[in-house]
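Engineer: kindly generate the corresponding structure for this input.
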Amino acid sequence: MDIPALFDLSGQTAVVTGSGKGIGEGIAKLLSEAGANVVVSSRTEKDIKKVADQISSDGGTSIPIVCDVTDDDQVRALAKGALDTFGKIDIWVNNVGGSTGRTPLKELTREDWDQTVALTLTSVFIGCQVAAMNMVKGSIVNISSRSSWGAVPNNSHYAAAKAGVNVLTASLAHELGPEIRCNAVASGAVPTEIFFEVMDLKPEDLPAYAKETGVPLGRLGSPQDIAGAVLFLCSEASSWMTGEVMTVSGGR
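Structural biologist: As a prediction, this is how the structure comes out:
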């Protein structure tokens with residue numbers, strides 16, 4: 001097989017959650033460039049319509065579907081929408097996740113814990129379950145975080161949820177193989193809108209933050225950095241990989 005064919009997703013259908021902006025938007029656009037039909041999804045209709053329109057104007061095929069990934073019925077409807085339009089699902093990317101903010105344990109409320117776990121871990125469980133029920137063969141990719149490895153003071157609720165994503169990914173790889181592969185990408189710091197909000201940083205703070213955190217490659221990540229790893233895990237280039245968590249973090 002030649003190199004372009006290894007990454008060719010022509011004729012495949014990809015569902016990408018949380019793809020109205022940030023990392024999810026980058027993933028949706030790159031999978032489209034690789035030839036996939038893409039279902040763009042998030043809670044905000046305006047955002048996903050804009051991304052889907054951009055994909056279409058660039059020559060790709062895409063539809064937007066509004067979905068709250070913490071709601072089982074809405075995720076099932078998302079899968080149905082993909083199947084009704086494209087006839088099958090080959091790729092499912094669980095990108096949604098987030099934290100209520102950096103908070104010391106003694107100040108962390110049960111509400112913030114529950115909200116973070118629901119958005120970051122339970123949503124991935126729902127997405128994987130619905131994907132498995134509606135895919136014959138293909139690839140599930142879960143977006144994890146570098147925070148899932150080791151200690152993350154003052155953000156333990158988010159770190160614990162992402163660690164759960166890693167174990168869920170490994171477990172489902174055994175359950176769903178060989179027809180469906182299940183892998184994850186553990187992302188390092190990517191300055192998206194949510195990142196700035198949670199970390200209480202401004203764009204001008206990024207160079208100092210990258211230096212302070214000791215990223216060997218000297219910069220923070222971009223949505224394209226994560227999207228490249230996702231494309232690899234969805235493609236034939238990674239056909240003998242499942243249950244893996246690939247860290248993409250600039251070496252940090």
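Engineer: now the host helix or strand of Asn183, how far from the chain's geometric center?
Structural biologist: Assessed by DSSP states H and E, Asn183 sits inside strand 180-187. Relative to its parent chain, strand 180-187 has a centroid offset of 9 Å by Cα atoms, centre = their mean, to the nearest Å.
Engineer: show me what it is packed against.
Structural biologist: helix 123-134, strand 138-145, helix 156-176, helix 223-234, strand 245-248 (3 or more Cβ pairs under 8 Å, 6 or more residues apart in numbering; DSSP states H and E). C-beta here means a position set from N, CA and C on the backbone, and glycine is covered the same way.
Engineer: between these, which one is closest to Arg110.
Structural biologist: Smallest distance to Arg110 across the helices and strands packed on strand 180-187 (Cβ to Cβ): 10.1 Å, for helix 156-176.
Engineer: could I get the helices and strands packed on strand 180-187 as TSV with mean pLDDT?
Structural biologist: TSV is the format used below for those (pLDDT from 0 to 100):
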stretch	mean pLDDT
helix 123-134	98
strand 138-145	98
helix 156-176	98
helix 223-234	98
strand 245-248	98
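Engineer: give the contact list for the spatially most central residue of the chain.
Structural biologist: Among the residues of the chain, the one closest to the centroid is Asn95, at 2.3 Å (Cα atoms, centre = their mean). Counting by Cβ atoms under 8 Å, 6 or more residues apart in numbering, Asn95 makes contact with Val16, Thr17, Gly18, Ser19, Ile23, Gly24, Ile27, Ile143.
Engineer: please give the element, helix or strand, for Thr242.
Structural biologist: Per DSSP H and E, there is no helix or strand for Thr242.
Engineer: burial count for it?
Structural biologist: Look at Thr242: counted by other Cβ atoms under 10 Å, it has 21 neighbours.
Engineer: any idea how far the residue of the chain most remote from its centre lies from Ser156?
Structural biologist: Each residue of the chain has a distance to the centre, and by Cα atoms, centre = their mean the biggest one is for Lys106: 30.1 Å. For Lys106, the distance to Ser156 equals 11 Å [Cβ to Cβ, to the nearest Å].
Engineer: from the chain's centre, how far out does the worst-scoring helix or strand of the chain on mean pLDDT sit?
Structural biologist: Lowest on mean pLDDT, DSSP states H and E among the helices and strands of the chain sits helix 193-199, with a mean of 76. Chain-centre distance of helix 193-199: 16 Å, with Cα atoms, centre = their mean.
Engineer: related to what we said a few turns ago, please state the backbone phi and psi of the residue farthest from the centre of the chain?
Structural biologist: Main-chain dihedrals, Lys106, degrees, to the nearest 10: phi -70, psi -20.
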